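> here are the coordinates; sequence isn't available:
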C-alpha cells in the first residue's frame with residue numbers, strides 16, 4: 001500500500017495544477033534547503049494590505065548615465081512590526097494572477113503570486129519606520145518592492161511599492177569571454193532584451209589602436225517548455241532575455257584587443273555597451289608566462305546583504321573580489337561546476353553574470369557542468385537527483401559558451417598555450433565504453449607534450465581522491481565509478497593534475513599511481529612523471545564541507561576554508577602551483593614541477609608497452 005501511495009504521489013507531482021506543492025516538498029532534495037529563495041513559501045502568500053502602511057522606492061529611474069548597477073533606497077512606514085517582516089524585490093514589477101503560468105490553479109486564496117522574488121531582505125525594525133538599501137542590476141524589466149509580515153513560511157502581503165526601472169532595460173550587458181574551438185578564436189556571449197526582430201546584435205572589435213571590425217552574433221533564448229520541472233518552470237521562472245554569442249576569428253597571439261557590444265535597431269539607431277578589452281590566447285606551445293585559475297562551487301552573493309537568512313554563499317564575493325584584484329595577473333579561469341546555485345530560480349543567472357563581469361569580460365571564463373546545473377530525474381543525468389531545480393542543464397549551456405561538439409554534453413578540450421585541459425562532465429556517464437570515455441581518451445591521447453607539457457584533467461565531482469566526511473563514511477574517498485573508470489587513462493597518458501569541485505574544501509594528494517603514492521616529495525617535483533596529483537578545489541564560495549576524521553595516507557594538505565588554485569607556467573619546464581585563500585588572497589599551499597620533455601617520454605612503472613629486439 002505504501003509503494004502504491006508513493007507511485008501516486010510521484011504521478012501527481014507531474015501535474016501542473018499542484019506543481020508548487022511538489023516544489024515545496026522537494027526543496028530539501030534538490031537544493032538541500034539552501035537556495036535562499038526556496039525558503040519562501042510564496043504559494044501561501046495571502047493579502048493583508050494595510051491602508052496605513054507604505055513602502056516607497058527611489059530613485060524611480062536607474063542607470064540614467066548608462067550604469068548597469070545602482071543602489072536603491074526603500075522607505076518603510078507601517079504599524080505592528082514583527083520579527084519575521086521582510087521585503088521582497090520583484091521583477092517584473094507586476095506580480096499577480098496575470099503572471100501565473102497556464103494551467104495554474106487559481107481557486108486558492110489570493111494574491112496568486114506565481115513567481116518568487118529575485119531577492120529579499122529582513123526588515124529588523126522595532127518601530128515599523130525604517131529604510132533599507134538594495135543594490136539592483138539591470139535585468140530587462142521594471143522592479144517593485146513588497147513588504148510581507150508573517151515570516152517566510154506564512155507570508156502576508158502588507159504593502160506594495162511604486163515601480164522603478166532602468167533607463168534602457170534592454171541594454172546589452174554582462175559579456176562572458178570563452179575560448180573557441182581553435183586557439184585563434186575568442187567567443188563573446190552577452191545578455192540583452194532585444195530579440196532578432198527588434199535589432200541586429202554584433203561585436204565591434206579591434207587590435208588596440210587599430211581600425212575596428214564587426215562580427216555578427218547568434219541569438220538564443222529559453223522558454224518554460226525548455227525546462228524540466230519546478231521551480232524552474234513555475235515560481236522560479238523569469239524571462240532570461242536574449243543570449244547572444246559572437247565568434248571573433250583569426251586573432252593574433254598574445255595581443256590586446258578592445259571590444260564593445262552593439263545592437264542595430266530597426267530605426268538605424270545603435271545601442272552600445274561599455275568598452276572592454278582582452279588579451280588573445282598564445283599560440284599552442286608558445287613559451288610565455290601563462291597563468292590559470294581553477295575553482296568550483298562558487299555561486300553568487302549579494303553585496304547589499306539580501307538573502308542573509310540562508311548564508312549560502314559566504315565565500316563567493318571574497319573569491320570574486322580576489323580574482324578582480326589580481327585580474328592583471330590572470331590569463332584564463334576554469335570554474336568547474338556548480339556555477340550559480342540558482343537551483344531553478346532563473347533570476348539568479350543574471351545576478352551571477354553581473355557579479356563575475358569584471359572577470360569574465362577580461363579573460364576567458366570556462367565552465368563545467370555540475371549537479372546544480374544538470375541533474376534532474378529522467379533527463380539523461382547520470383545521477384537521478386533534483387539538484388538543478390528543474391534546469392536540467394538548459395541555463396548552463398545557454399548562458400555560457402563552451403567549445404563542446406554538443407553543448408548538451410558538457411565535455412570539451414581546451415588548449416591554452418602550454419596547457420591542455422580535458423574537461424569532463426561528471427553528470428553524464430563516463431564509464432569505459434561510453435561516449436564520454438572515448439572523448440576523454442582522445443583528448444588525453446592527442447596532446448603533443450613537447451608543445452603542451454602541462455596536461456590537466458578536470459571534472460565537477462570527485463572522480464579521484466577526497467577525504468570529505470561523506471566519502472569517508474562510505475569508505476570510498478571518491479565518487480563511485482570515478483577513478484575505477486578513469487585511472488588507467490590518467491596513468492597511460494601521464495596526466496599531471498586532476499581537479500575537482502563538488503566537495504566544498506581544499507585538498508591535495510601526493511602523486512598517485514595505482515592508488516599508491518609514488519613520490520615522497522611535498523613541495524617540489526622533478527624528473528619523470530610518476531603519478532597524477534589530485535586536487536579538490538571546491539571552496540569557491542558555497543558552504544564548507546567537513547573532512548573525514550580519517551586522514552588518508554595520500555592526503556598531503558587539506559584546508560577547511562574558501563579558496564582557489566593558481567597555476568603559473570613560466571616555460572615548458574617550470575610550473576608553479578599555488579592554493580590561495582579567498583579571505584586574504586595569500587598562498588597557503590604550493591609546490592613546483594620542473595622537468596624536460598624527455599622526462600615525459602620516460603617509461604615509469606608499467607606505463608610503457610613491452611619492447612622487442614626484432615629488426
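Nice, thanks for sending it over. All values derive from a computational prediction rather than experimental measurement.
> going forward, measure contacts between C-alpha atoms and count neighbours the same way
OK.
> Which helix or strand lies directly C-terminal to the lowest-mean-pLDDT helix or strand in the chain?
The weakest-scoring helix or strand in the chain, judged by mean pLDDT, DSSP states H and E, is helix 19-31 (a mean of 35). Read in the C-terminal direction, the helix or strand following helix 19-31 is strand 46-47, with elements assigned using DSSP states H and E.
> Neighbouring strands - and their directions - for that following strand?
Strand 46-47 has the following strand partners under DSSP bridges: strand 156-160 (parallel).
> now the partner strand: how far from the chain's centre is it?
The chain centroid and the centroid of strand 156-160 are separated by 34 Å, computed with C-alpha atoms, centre = their mean, to the nearest Å.
> Only the buried residues of stretch 563-580, if you could.
Buried residues in stretch 563-580, defined by neighbour count with 16 or more other C-alpha atoms under 10 Å: 563-569, 571-580.
> sorry, that was for stretch 311-319
Along stretch 311-319, the positions that meet the burial threshold by neighbour count (16+ other C-alpha under 10 Å) are 311, 312, 313, 314, 315, 316, 317, 318, 319.
> List the contacts of the second one.
Right, residue 312. 34, 35, 36, 542, 543 (C-alpha atoms under 8 Å, 6 or more residues apart in numbering).
> So the residue nearest in space to the middle of the chain, which state does it fall into?
Of all residues in the chain, the one closest to the mean position by C-alpha atoms, centre = their mean is residue 339, 1.4 Å from it. Three states are possible here, and by DSSP: H, G, I helix; E, B strand; the rest coil the one that applies to residue 339 is coil.
> Excluding sequence neighbours, find me the nearest residue to it.
Leaving aside its chain neighbours, residue 339 sits nearest to residue 299 (5.3 Å; criterion: C-alpha to C-alpha, 6 or more residues apart in numbering).
> Give the burial count for the one you found, as a bare number.
Residues within reach of residue 299, counting by other C-alpha atoms under 10 Å, total 27.
> Also the one 5 residues further on?
Residue 304 is flanked by 14 other residues according to other C-alpha under 10 Å.
> can I see the domain layout of this protein?
Here the domain parsing of the chain from the TED database is 54-166, 173-601.
> Which of those has the highest mean neighbour count?
For the domains of the chain, average neighbour numbers computed from mean count of other C-alpha atoms under 10 Å are highest in domain 173-601, which has a mean of 20.
> quick one: average confidence on that domain?
For domain 173-601, the mean pLDDT works out to 96.
> what about that domain, distance to the chain center?
For domain 173-601, the separation from the chain centroid amounts to 8 Å (computed by C-alpha atoms, centre = their mean).
> Quick one: end-to-end distance for it.
47 Å (C-alpha to C-alpha, to the nearest Å).
> Residue 365 reaches residue 331, doesn't it?
No. Contact status for residue 365 versus residue 331: not in contact, 9.7 Å apart, counting by C-alpha atoms under 8 Å.
> re earlier: tell me which of the domains of the chain lies nearest to residue 47.
With C-alpha to C-alpha, the closest approach to residue 47 among the domains of the chain belongs to domain 54-166: 5.1 Å.
> mind checking the end-to-end distance for that closest one?
This stretch, domain 54-166, spans 23 Å end to end (C-alpha to C-alpha).
> ok, residue 48 - contacts?
Applying C-alpha under 8 Å, 6+ apart to residue 48 gives the contacts 156, 157, 158.
> Sort out which one of those lies nearest residue 201 for me.
Taking C-alpha to C-alpha as the measure, residue 201 lies nearest residue 157 of the contacts of residue 48, at 40.8 Å.
> That closest one against residue 44, yeah?
No. Under the criterion of C-alpha under 8 Å, residue 157 lies out of contact with residue 44, with a separation of 10.5 Å.
> residue ranges with poor pLDDT in the stretch 51-200 of the chain?
Counting by pLDDT under 70, the stretch 51-200 of the chain contains low-confidence residues at 97-99, 101-112.
> Repeat the analysis, applying 80 as the threshold.
In the predicted model of the stretch 51-200 of the chain, residues 96-112 satisfy pLDDT under 80.
> Quick check on the residue nearest to the centre of the chain: phi, psi?
When read as degrees, to the nearest 10, the backbone of residue 339 gives phi -80, psi -60.
> Then the one 10 residues further on?
Listed backbone geometry of residue 349 is phi -70, psi -40, with angles given as degrees, to the nearest 10.
> ok, now residue 148?
Per degrees, to the nearest 10, the residue geometry at residue 148, taken as phi and psi, is phi -120, psi 140.
> give me the beta-bridge partners of it?
In this structure, residue 148 has beta-bridge partners residue 86, residue 157, where bridges are defined by DSSP bridges.
> and if you look at residue 191?
residue 173, residue 243.
> Enumerate every residue touching it.
With contact taken as C-alpha under 8 Å, 6+ apart, residue 191 is in contact with 172, 173, 174, 175, 241, 242, 243, 244.
> Make TSV from these and add distance to residue 378 to it.
Converted to TSV, those look like this (distance: C-alpha to C-alpha, whole Å):
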residue	distance to residue 378
172	36
173	34
174	33
175	33
241	27
242	28
243	27
244	29
